[in-house]
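> please work out how this folds:
(chains A and B)
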Amino acid sequence: MSQTATVGTPRFPGVRDVREGLRSVDYLADDGIAGVVYLADRLGKPVLIEGPAGTGKTELAKSVASMTGSRLIRLQCYEGLDESKALYEWNYKKQLLRIQAQRVTEEAAAQSDKTWSGIEDDIFSEDFLLTRPLLEAIRAEEPVVLLIDEVDRVEVETEALLLEILSDYQVSIPELGTVTAAQIPLVFLTSNNTRELSEALKRRCLYLHLDYPDLQREKEIVLTRVPEVEEQLADQIVRIVRSLRALELKKHPSVSETIDWARTLVLLGINSIGTEEATATLHILLKYQSDIVKAAKELSVAQTA
Amino acid sequence: MLDVLTGFIGELRSAGLPVSLTENLDAMEAVQHIPIEDRDAFKYALAATLVKSNAHWRTFETVFDVYFSLRGPQWSIEDPDAQADAAADQAQARMGGEQRPGGGAMEGLTQEELAEILFKAMMRDDQAMMRAISREAVTRYAGMEPGRPVGGTYYLYRTLRNLDLEGLMARLMEAAQEEADGGLTPLEERLTRDEYEIRIDQLRKEVEAEIRRRLVADRGAEAMAKTLRKPLPENVDFMHATREELGQLRKAIQPLTRKLAVRLARKRRHGRKGPLDFRNTVRHSLSYGGVPAEPKFKYPRPAKPEIVVVADISGSVAAFARFTLHLVHAISSQFSRVRSFVFVDGIDEVTRYFEGIEDITEAIHKVNTEADVIWVDGHSDYGHAFEVFWDRWGKEMNPKTSVLLLGDARNNYHASQAWVVKELRKKARHVYWLNPEPRSYWDTGDSIVSEYASHCDGVFECRNLKQLEAFVEHLA
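Now for the predicted structure:
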């Protein structure tokens, strides 16, 4: 494999430093997460993050950016995303105007033959190039973090667009030639797993599955994000959430919803959750009426062994 | 190092994980950056480069544990003996028991005393102690003999039976009730129970790991890895899945349906181009100075097919029918109408159970308990069921309908009445048969697949999620 861009100086001295760095920007990483971020930097490889919604996939990329002081470039994927939205586009309107302007001034000179080649060189130059996120990330001189969000939304064909960038950190533009990265950006791809990504894409990436955090970590997350919450309440919150996740629901409460719930409870001045308080505020955690009904029923009825 | 890693990757491959050459090289490079002494980090580094799907994580973990657990002392990072013994000694001190003759470990304890220690460890969530106890319990109760060709589950069962986990649970809950003033509220009780269940589960895993460790020591890592090889979730056979596997399958079906729905919708929209969208074309022509250089087309909106599912739910294929019903209803938004019928020897329409019900498990429970499917003796009678189906609902089949027949076609030597299928095919758009039995079993014994197959548009072997998924895609 010919890697045109070489791995630069490491950003992090060790896994532990990644962990502490992330903590300093309020992202609590476990060993797996910190390890993968560390490796991504060392190996110069993108990270593919999968997992249920709301477990901090996008947040991780953002946190890494702010921890390393890099610019975050974000490409939000959607069905129908194409080259002109992801990579680059020629600014047609500006090009047309340019040609138009040329015609007016040159008509007097009547040298249409010679000017055409001049214009051609001209209109396919940097001035008329509209860079989109991917190209932007490649061309950036300063350190950047590239976030390709919800990559599973794009069609299989569009996925191929990413391959050149992810393996060689370069983009080929027919009119300009190949643009190679000045630095290797840290790349994060997130996916909600609505479709199987291609083998080619997966092969190029390190894989990280972000699941719901364990009790202890979720409690710490709540305490970090909602400093007003008391420890005992946080403990109750995460235990109830864990209990809800064990139920068969349409949509399980995510970490961000846990945080929302903690905030709500603090605002309402509740410092101990009983069945009543829980059922009254369930709609913060759950987003389907049937789920709410089911959860309310489960919470108020003790399980019989 | 290189050899060890190569061997490990070979082991992963033979466990069914697809590991490509690039990933292999990545792993080699990754381990150069991660010190192997840090066992967790080492494991995650390998996982990040070698495992590209969460469904494969468990398999990876098992292979990892087995492979690296007995590679000589340099690979066993933690020294379980030292740790456990230290914990045991501590426990003795805490119990206030005097040092017994014969070492400080737990050998001298009676069964009751061991149970008592376990109870206390559970209350405190003392992990090290729990590990020590599970080691002792395995030594004591599993009765492992070297070279005995018995699977790990046998030892697991014996150990757990002696630990009496249910009794332990009851005791824990009792203690919790006593501790709280005025008893626990239902919510608190639920949370406490959850907590203890997780701890007990942890203990069970600890015991399992301990048994595995000893089996590896006895038989060698290679032999053990072979017996541990389990199919990946998407390849688990519906008919022979264990209860745990069924639970996993149910979980796997949720994301699968979402995936399928997205793909089907996409496929339908991108299938072919529709007529020219004049307005859109003109609008876009403005960027080309009024030249319609980029013609735009309307998206076609092809009609959605209607689906009629006719499923055998007799004992032998019930699990299969349940998954199929599950799947079909979960993606029902992709079909204009879904009607379901279930039969054993009688047949009944169960569409109404699924209507307006959010919780599909409940619907399936209703189907199993309320539907009127027994006619004579509760043994599958495809012939009779099909005949009744034709009489009562045959008229309602139309060229938009795709009919799915689910079952193993084991007809208990009744009449086949295959003409119904033939008639159905004339009236409906397609008739497909899904059979959960391996292809090699078809037409053996009382199975009469081919009699029906000759009238179907296709018969598919459908034994696991992968095959089911492939079929549904074929359908739309």
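> roughly how far does the closest residue to chain B within chain A sit from residue A:251?
In chain A, the residue that lies nearest chain B is residue A:290 (3.5 Å; C-beta to the nearest C-beta). All C-beta atoms are positioned from the backbone trio N, CA, C, and that covers glycine. To residue A:251, residue A:290 is 10 Å away according to C-beta to C-beta, to the nearest Å.
> make sure the residue of chain A closest to chain B is indeed in a helix.
Yes: according to DSSP: H, G, I helix; E, B strand; the rest coil, residue A:290 belongs to a helix.
> which parts of the stretch 1-150 of chain A are strands?
Counting by DSSP state E, counting those that start in this stretch, one finds strands in the stretch 1-150 of chain A at the ranges A:47-50, A:71-76, A:88-90, A:129-131, A:144-149.
> distance from the chain centre to the second one, please.
In terms of C-alpha atoms, centre = their mean, to the nearest Å, the gap separating the centre of strand A:71-76 from the centre of its chain is 8 Å.
> what lies in contact with that strand?
Strand A:71-76 is contacted from outside by A:61-62, A:65-66, A:86, A:132-134, A:136-137, A:140, A:142-150, A:185, using C-beta atoms under 8 Å, 6 or more residues apart in numbering or on different chains.
> need the buried ones from these selected in PyMOL.
Entered in PyMOL, the line below selects the buried ones among these, by 16 or more other C-beta atoms under 10 Å in any protein chain shown:
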select buried, chain A and resi 61+62+65+66+86+132+133+134+136+137+140+143+144+145+146+147+148+149+150+185
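> from the contacts of strand A:71-76, which are also near chain B?
When contact is defined as C-beta under 8 Å from any C-beta of the partner chain, those do not meet chain B at all.
> thinking again about what came up before, residue B:138 is nearest to which of the strands of the stretch 1-150 of chain A?
strand A:47-50 (36.0 Å; C-beta to C-beta).
> contacts only, for residue A:82.
So residue A:82 contacts residue A:158 (C-beta under 8 Å, 6+ apart).
> check which residues of stretch B:25-32 are buried.
B:26, B:27, B:29, B:30, B:31.
> quick one: contacts of that stretch?
A:39, A:42-43, A:45, A:206, B:1-2, B:5, B:9, B:42, B:45-46, B:48-50.
> if I look at the residue of chain A closest to chain B, how far off is residue B:362?
On the measure of C-beta to C-beta, residue A:290 and residue B:362 end up 10 Å apart.
> can you list residues touching both of the two?
In contact with both residue A:290 and residue B:362: no residue, using C-beta under 8 Å, 6+ apart.
> looking at the chain, which helix or strand does the model trust least?
Using chain A here. One helix or strand of chain A scores below all others by mean pLDDT, DSSP states H and E: helix A:112-123, with a mean of 66.
> right idea, wrong chain: chain B
helix B:80-95 (a mean of 47).
> sketch out the low-pLDDT regions of the stretch 1-150 of chain A for me.
A:1-8, A:104, A:106-118 (pLDDT under 70).
> can you map out the helices along it?
For the stretch 1-150 of chain A, the helices defined by DSSP state H, counting those that start in this stretch occupy A:15-24, A:31-43, A:57-68, A:83-86, A:92-109, A:112-123, A:133-139.
> buried set for the fourth one?
Using 16+ other C-beta under 10 Å as the test for burial, helix A:83-86 gives A:85, A:86.
> again with the second one
Across helix A:31-43, burial judged by 16+ other C-beta under 10 Å covers A:32, A:33, A:34, A:35, A:36, A:37, A:38, A:39, A:40, A:41, A:42, A:43.
> now these as TSV including distance to residue A:224?
Compiled in TSV, those are given as follows (distance: C-beta to C-beta, whole Å):
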residue	distance to residue A:224
A:32	19
A:33	15
A:34	16
A:35	21
A:36	21
A:37	18
A:38	21
A:39	25
A:40	24
A:41	24
A:42	27
A:43	29
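> restrict those to contacts with chain B.
Answer for the buried residues of helix A:31-43 near chain B (C-beta under 8 Å from any C-beta): A:32, A:35, A:36, A:38, A:39, A:42, A:43.
> test my guess that the fifth one contacts residue B:47.
The one in question is residue A:39. No: counting by C-beta atoms under 8 Å, residue A:39 does not reach residue B:47; the two are 10.6 Å apart.
> one step back: and which of the ones next to chain B among the buried residues of helix A:31-43 is nearest residue B:243?
residue A:32 (28.9 Å).
> which residue sits closest to the closest one, ignoring its sequence neighbours?
With C-beta to C-beta, 6 or more residues apart in numbering or on different chains as the criterion, residue A:32 has its nearest non-adjacent residue at 4.5 Å, and that residue is residue B:44.
> list the buried residues of the strand or helix carrying that neighbour.
Using DSSP states H and E, residue B:44 sits in helix B:39-50. Residues of helix B:39-50 classed as buried: B:41, B:42, B:43, B:44, B:45, B:46, B:47, B:48, B:49, B:50 (neighbour count, 16+ other C-beta under 10 Å).
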